[in-house]
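Asks: below: sequence and its predicted model.
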Amino acid sequence: MGLPVEVAEIVGETREWEGRRWFPPGSQLAVCLSGGKERLADLTDGELLEVAAAARRQTSWAQARELAAIAELAGRRADGASEDDPRVLSAHESVTDEVAAALAVTGNAAATLVHLAERLADELPGTRQALEAGRIDLAKARVICDVTENLFGDVVGRLEAVALEKASGQTSGQLRRRVTRMARRLAPDAVEERKRDAVRGRRLEVWENPSGTANLALCDLPPEEVHAIYNKLSAAARGLKADGDPRPLGVLRVDLAKRLLGGAEFPDSVRALLAEAVEEPPEPQPADDVAVPALAAMVERRLAEVRARVSLDALPAAVRQTARRIHDDLAERRDAVCRGGEEAHGRPGYRPSTALRREIEARHATCVFPSCNRPSRRCDLDHTIPWRPGSTCRCNLAPLCRRHHRLKQSPGWTLHQIWPGLLVWTTPAGAWYIVRPDRT
Ligand SMILES: [Zn+2]
Ligand SMILES: [Zn+2]
């Protein structure tokens, strides 16, 4: 057992996982991860999360080595390749099979690996370094590789730089959306062409699940068509539910889709619902608030100071209190900036107006839990401070899915909206996550 924290401070013993947040991966981290001084059972909650994060960085580092080795081999085979001979495999196909056999993966998986390895070696040096340093994981490296595929050199470089700016704090899905948006801006024609190509390859896929069920998917359709289908099914499912159908919405959607594809006849009421016009999604609006980046930096700095100052036992409570204090200190300025909007600050009633709902949904395209991908249109608009005393206003509303709505109310978790659209989560382990409006 280690010493109690207060004693440890006095005698100057440092804990093995203290301050390892950005300890780089490599041989030294491998030693730390192999056990040693402290067993996992002796670590605090916060330290356990540090160990998990460190192991993940180490994995990224190992994957960077795997890809570098593959790229080196592929390069050698390409150099030694003779003239095209239709009777034998190309050097590229051949090295793919060498990799497939050595790693015991399918030919498709090997081809994907070789391609990723080559792109990281040639065109995406920043991504390669970020993976090797554990700042991103393999899934995010793949996203950057995918989104920059078939684009021109300078666009690839700019997209990569933009992607890496925020990649460590984003999930691969969030990263994909952000970089895709940027790619559309920088190279609209190339992105459109790539999409047309993908749509030409549209298909129906079937695969089986471990539970003994199977999935059926319509793949590579234009997204607007997919959303239109989904929204129609949702409208019809909600209609059935309103008429007293006990099945959950998700089940109703798939049952309706199954009957439609099976050619079943529907009652007129359902047909009418299915034919209903689909509402256009709102145009995302630019965040109008220049204060957000500065405030986010201030929160980060103040919470980091707290972490440096207090003992591990006291950390969760100290982080919670500080987040709360920052929120309270900003109350007057927040009210003032909020009165400048089109809707009055603190509109009467519990339900937001349609305009306000759209503004909030445009501000955050997904649930505001850091890793959640649930589209905000399918979330509830949560009153960050419960209604009464909290108000129905842009400074107190944010999309939360059901799950994260429950998480917010769970012991040890807090959520503060310190500025309209700028939210701070604190966790039971004393970590924090700052969530900004999408456009800042
Ligand atoms: Zn307000
Ligand atoms: Zn969520």
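Replies: Thanks, I have the structure now. Ligands and ions are numbered 1, 2, ... in the order given.
Asks: low-confidence stretches in this structure?
Replies: For the chain, applying pLDDT under 70 flags the ranges 1-14, 18-21, 36-38, 81-89, 273, 275-290, 340-344, 440.
Asks: residues from it in reach of ligand 2?
Replies: By the rule C-beta under 5 Å from the ion, the part of the chain lying against ligand 2 is 367, 369, 372, 374, 401, 404. For the C-beta atoms, the positions are set from N, CA and C on the backbone; glycine is no exception.
Asks: contact residues of this structure facing ligand 1?
Replies: 338, 345, 393, 395.
Asks: the last one: neighbour count?
Replies: To tie it back to what came earlier, the one meant is residue 395. When neighbours are counted by other C-beta atoms under 10 Å, residue 395 registers 25.
Asks: begin at 11 from here
Replies: Yep, numbering from 11; the last one is residue 405 now.
Asks: so what does it have for phi and psi?
Replies: Phi and psi for residue 405, reported as degrees, to the nearest 10, are phi -90, psi 0.
Asks: give me the domain ranges for this structure.
Replies: By the assignment in automatic domain parsing, the chain contains the domains 64-208, 213-285, 301-347+362-445.
Asks: how about the secondary structure of residue 426?
Replies: When classified by DSSP: H, G, I helix; E, B strand; the rest coil, residue 426 comes out as strand.
Asks: excluding its backbone neighbours, what's nearest it?
Replies: Nearest residue to residue 426 in three dimensions, chain neighbours excluded: residue 337, at 4.1 Å (C-beta to C-beta, 6 or more residues apart in numbering).
Asks: work out for me the element that neighbour sits within.
Replies: helix 325-339 (DSSP states H and E).
Asks: please name every helix or strand in contact with that helix.
Replies: Counting by 3 or more C-beta pairs under 8 Å, 6 or more residues apart in numbering; DSSP states H and E, the packing neighbours recorded for helix 325-339 are helix 301-319, strand 424-429, strand 432-436.
Asks: so how far is it from its chain's centroid?
Replies: Distance, stretch centre to chain centre, for helix 325-339: 25 Å (C-alpha atoms, centre = their mean, to the nearest Å).
Asks: check stretch 235-245 too.
Replies: 24 Å.
Asks: same check on stretch 58-68?
Replies: Taking the mean of its C-alpha atoms, stretch 58-68 sits 18 Å from the chain's own mean (C-alpha atoms, centre = their mean).
Asks: in CSV, list the C-alpha atoms belonging to stretch 121-134.
Replies: C-alpha atoms of stretch 121-134 as CSV (Å, rounded to 0.1, in the frame of the first residue of the first chain):
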residue,chain,number,x,y,z
ALA,A,121,-5.1,-4.2,-48.6
THR,A,122,-6.6,-1.5,-46.3
LEU,A,123,-3.6,-1.7,-44.0
VAL,A,124,-1.1,-1.5,-46.8
HIS,A,125,-3.0,1.5,-48.3
LEU,A,126,-3.1,3.2,-44.9
ALA,A,127,0.6,2.5,-44.3
GLU,A,128,1.6,3.9,-47.7
ARG,A,129,-0.5,7.1,-47.3
LEU,A,130,0.9,7.7,-43.8
ALA,A,131,4.4,7.2,-45.1
ASP,A,132,4.1,9.5,-48.1
GLU,A,133,1.3,12.0,-47.8
LEU,A,134,0.2,12.2,-44.2
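Asks: can you pull up the most central residue in the chain?
Replies: Centroid-nearest residue in the chain, with C-alpha atoms, centre = their mean: residue 181, separated by 2.8 Å.
Asks: show me what counts as buried in the longest helix seen in the chain.
Replies: Ordering each helix of the chain by length in residues (DSSP state H) puts helix 55-89 first. Of the residues in helix 55-89, 55-57, 59-61, 63-64, 67-68, 70-74, 77-78, 80-81, 83-84, 87 count as buried by neighbour count, 16 or more other C-beta atoms under 10 Å.
Asks: touching, residue 84 and residue 130? I think so.
Replies: No: using C-beta atoms under 8 Å, residue 84 is not in contact with residue 130, being 11.4 Å away.
Asks: now the residue of the stretch 211-360 of the chain found nearest ligand 1. Nearest residue, chain neighbours left out?
Replies: Closest to ligand 1 within the stretch 211-360 of the chain is residue 348: 3.2 Å, counting by C-beta to the ion. Spatial nearest neighbour of residue 348, chain neighbours left out: residue 355 (4.1 Å); criterion: C-beta to C-beta, 6+ apart.
Asks: please, which helix or strand holds the one you found?
Replies: Applying DSSP H and E, one finds residue 355 in no helix or strand.
Asks: any idea how far residue 369 is from it?
Replies: 13 Å (C-beta to C-beta, to the nearest Å).
Asks: likewise for residue 58?
Replies: Going from residue 58 to residue 369 by C-beta to C-beta gives 40 Å.
Asks: over to residue 54?
Replies: Residue 54 sits 41 Å away from residue 369 when distances are taken as C-beta to C-beta.
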